[in-house]
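Participant: Here's my sequence, what's the structure:
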Amino acid sequence: MQNLATPQKTADTSPAVAGHFPVQLALSFLFLAALWFVLCRELSGEWLVNEQYSFGWFVPFFALYLFWLRWQDRPPPEIPNSKSQARNNWIAALIAIPALLLLLPVRLFEIANPEWRLLAWVHTAAVVILTLLLIWCGGPAGAGWLRHFAFPVVFIFIAVPWPTLVETPVIQGLMRIVANVAAETAMLLGIPAQVEGNLIRVGTGLVGVNEACSGIRSLQTSLMIGLLFGELKRLSVLRRVVLIAGAVVIALFANFLRAVFLVAVAGTENVSEVTRWHDVAGYTILALVFFGTIGLAYLLGRKKATVAPGVPAKPKPGEGWSPVMNESQPARLSLRVPASYLAVALCWLVFVEIGTAAWYRVHERNLVSGIRWRVQWPEQSPNFRKLKIDPEIRGVLRFDEGETAAWTIPSPSTSENAPLAKDFGAREPDGFQTPVNRSRENTISCLLYVFRWKPGRNSALLANLHRPDVCLPASGWTQVADDGVRNYPVTGQFVLPFRHFEFQRAFEGLAPQTAHAFYCLSEDRASGPTAESQGANSPGMSGTRSKWTRAERLREVLEGRRHLGQQVIEAVFISSEPFSAADAESHLRELIRDAVVLREGENR
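Facilitator: The predicted model follows:
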């Protein structure tokens, strides 16, 4: 083998190869860098807003490190066979061409629907396939290199968000299991506890597993840690499966301990104390999963089978090379893919990015900028209080800025000196604190929600998720009327159009409640002759709510509608006595006139 390798090494350093090598290598690096940069940029939108996948920021760097370790003991080069090489090139072309062409529609849809998880999987699969094909056909060891470097390339899949149809049943099922086991354990410890869905009721209130045990969502993190340490220790496939299963079990057990601990805190002290211990318990779980997986990987690594006598052991990553392997490695890396192919593929990637951006810019030529505005909170109003938005709601809506507040206002039948209700804090299933009047029936509880989405990171359909006809029915309200859209003046010629909904809800033993909800979706840039004066209102605001169908997503692409910045303002008036739509509109008119102000310096 040494005699065969030595002449090959001399041939690799010939002037012809040396002349072509830098161009091929440079084009390969540029091609791979463009592929992976665009992919990671798209995936980072989920990593940024979803804590469950925040570990994704580290995955590309781990993949590069694992690739470098694999490079240390890469297989020796093979003597090329012209027939097999030609066959491989044809096979690679038949796979690479569809993968490259697929990138165009994928990028078109991603720009309009960046949070569509199925697209993320298709995009990642195309990038991984193209990378593996380049390693297979371009590497000096062919299939040997493909097998050797496959894991670091495929490792990126661990950072791709699971499809919602898969993720939701898994997460919800695990949370229910943890809630039931934690409640039973708390009972054994002498703490009365009762499971209500994903909630655990104790003497002082409710503890939500989605909050008190949100670490269950670190399931993907435990999978990533198990895969990472399995590769670092170069375990066999069976031992890697055992390691991953062990990491998941450690994560579930740690979350079980966390739930029991926080239920005990809520049962023996107060539910408010759960917030104080929440983050401490979370960091403890992360440390337990990390170090527990390291320990398990160490034990599995120690039990690996020893090499049979007389068989030379493979060098471990970073331990250098044996003389035979040093001689078998070429002085220069010879790539077998023609430079012209790489140049065409790179030009196609550039065309895809420029073409997709041009598609949306062409459709945005006639858009006008709307008037920017903000909310000045009525902090002097009776019982005014800012409300905390549930982290789960933040994860769903993905807004960049969001605030909500509640206060009370007198109803038309209330005398000037009548006392106002002070009973707030009834927690709704949608994650917000909804004020409910119980002390008097002649006051109206007012809630105001304001959310802002910056351009680019989300679909233009996303803001349409927080509508009264979506959120309030999930909280037990029944819609009884849709009064359409009316304009409400803010100042001068600037008006905001609100859609008016009416709802009713009744509790056993309590008077029925009436709610009037007003919803406005304002876009930073929109079309239409009145867009400028109306704050660039969205057509979707006065139409039906988004149902997130494939047809609706396709329509967004065909219309060239991407996210250019949006803002939602929603007001809800709740009373235990009936009040007319005209009275509710009068309250909204006063609220908009006093609370909405223009952003200085942004409307020039």
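Participant: tell me the secondary structure for Phe261?
Facilitator: helix (DSSP: H, G, I helix; E, B strand; the rest coil).
Participant: Quick check: pLDDT value at the residue lying closest to it once chain neighbours are set aside.
Facilitator: Nearest non-adjacent residue to Phe261, counting by C-beta to C-beta, 6 or more residues apart in numbering: Ala281, 6.0 Å away. All C-beta atoms are positioned from the backbone trio N, CA, C, and that covers glycine. Confidence at Ala281, expressed as pLDDT, is 71.
Participant: ok, which stretches of the stretch 301-450 of the chain are helices?
Facilitator: Assigned by DSSP state H, counting those that start in this stretch, the stretch 301-450 of the chain shows helices spanning 323-328, 339-363, 391-397.
Participant: Can you list the residue ranges for strands in the stretch 451-600 of the chain?
Facilitator: Taking DSSP state E, counting those that start in this stretch to define them, one finds strands in the stretch 451-600 of the chain at 478-491, 494-505, 513-523, 525-526, 566-575, 596-598.
Participant: if we can go back for a sec, neighbours of the residue nearest to Phe261, just the number please.
Facilitator: A count of neighbours around Ala281, defined by other C-beta atoms under 10 Å, yields 21.
Participant: Quick check, it in contact with Ala259.
Facilitator: No: look at Ala281 against Ala259 with C-beta atoms under 8 Å: they stay out of range, at 9.0 Å.
Participant: Leu397: neighbour count?
Facilitator: Residues near Leu397, counting by other C-beta under 10 Å, number 18.
Participant: and what of Leu188?
Facilitator: Leu188 has 9 neighbouring residues, counting by other C-beta under 10 Å.
Participant: Flag the helix or strand of the protein with the lowest per-element mean pLDDT.
Facilitator: Ranking every helix and strand in the chain by mean pLDDT, DSSP states H and E puts strand 426-427 at the bottom, with a mean of 37.
Participant: how about the lengthiest helix in the chain: buried residues?
Facilitator: Counting by DSSP state H, the longest helix found in the chain is helix 15-49. Neighbour-count burial for helix 15-49 flags 21, 24-25, 27-28, 30-32, 34-36, 38-40, 42-47, 49 (criterion: 16 or more other C-beta atoms under 10 Å).
Participant: Would you agree Arg374 is in contact with Ile569?
Facilitator: No: using C-beta under 8 Å, Arg374 is not in contact with Ile569; the gap is 9.9 Å.
Participant: Quickly list what's touching both of the two.
Facilitator: Counting by C-beta atoms under 8 Å, 6 or more residues apart in numbering, the shared contacts of Arg374 and Ile569 are Val596.
Participant: Which one of the two is surrounded by more residues?
Facilitator: The residue with more neighbours, out of Arg374 and Ile569, is Ile569; 24 against 16, by other C-beta under 10 Å.
Participant: so where is the stretch 151-300 of the chain shaky, pLDDT-wise?
Facilitator: 196-199, 203-218, 271-275, 278-279 (pLDDT under 70).
Participant: For it, which segments count as strands?
Facilitator: Remark: strands assigned in the stretch 151-300 of the chain by DSSP E, counting those that start in this stretch are 194-196, 199-202, 205-208.
Participant: So Pro76 belongs to a strand, correct?
Facilitator: No: residue state for Pro76 (three-state DSSP) corresponds to coil; a strand is not indicated.
Participant: Number of residues surrounding it?
Facilitator: Counted with other C-beta under 10 Å, residues neighbouring Pro76 total 17.
Participant: Point out where the stretch 301-450 of the chain drops to low pLDDT.
Facilitator: 303-335, 391-392, 411-442.
Participant: what about Lys83, which SS state?
Facilitator: helix.
Participant: For it, report the pLDDT, please.
Facilitator: pLDDT recorded at Lys83 is 75.
Participant: Hmm, Gly45 is touching Glu115, no?
Facilitator: Yes: counting by C-beta under 8 Å, Glu115 is a contact partner of Gly45 at 6.9 Å.
Participant: follow-up on the earlier one: Throw the helices of the stretch 301-450 of the chain into CSV and include distance to Leu288, thanks.
Facilitator: Output for those, formatted as CSV (distance: least, C-beta to C-beta, whole Å):
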stretch, distance to Leu288
helix 323-328, 40
helix 339-363, 43
helix 391-397, 22
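Participant: So which of these is nearest Leu102?
Facilitator: With C-beta to C-beta as the criterion, Leu102 lies closest to helix 339-363 of the helices of the stretch 301-450 of the chain, at 10.1 Å.
Participant: what's that closest one packed up against?
Facilitator: Applying 3 or more C-beta pairs under 8 Å, 6 or more residues apart in numbering; DSSP states H and E, one finds that helix 339-363 contacts helix 15-49, helix 82-112.
Participant: Kindly reformat those as TSV and extend each row with distance to Gln72.
Facilitator: Converted to TSV, the helices and strands packed on helix 339-363 look like this (distance: least, C-beta to C-beta, whole Å):
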stretch	distance to Gln72
helix 15-49	19
helix 82-112	26
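Participant: Compare the mean pLDDT across these and name the weakest.
Facilitator: helix 15-49 (a mean of 80).
Participant: got the angle for the helix or strand following that helix vs helix 15-49?
Facilitator: Following helix 15-49 in sequence order, the next helix or strand is helix 59-72 (DSSP states H and E). For helix 59-72 against helix 15-49, the angle by axes from the mean of the first three to the mean of the last three C-alpha atoms, to 10 degrees is 150 degrees.
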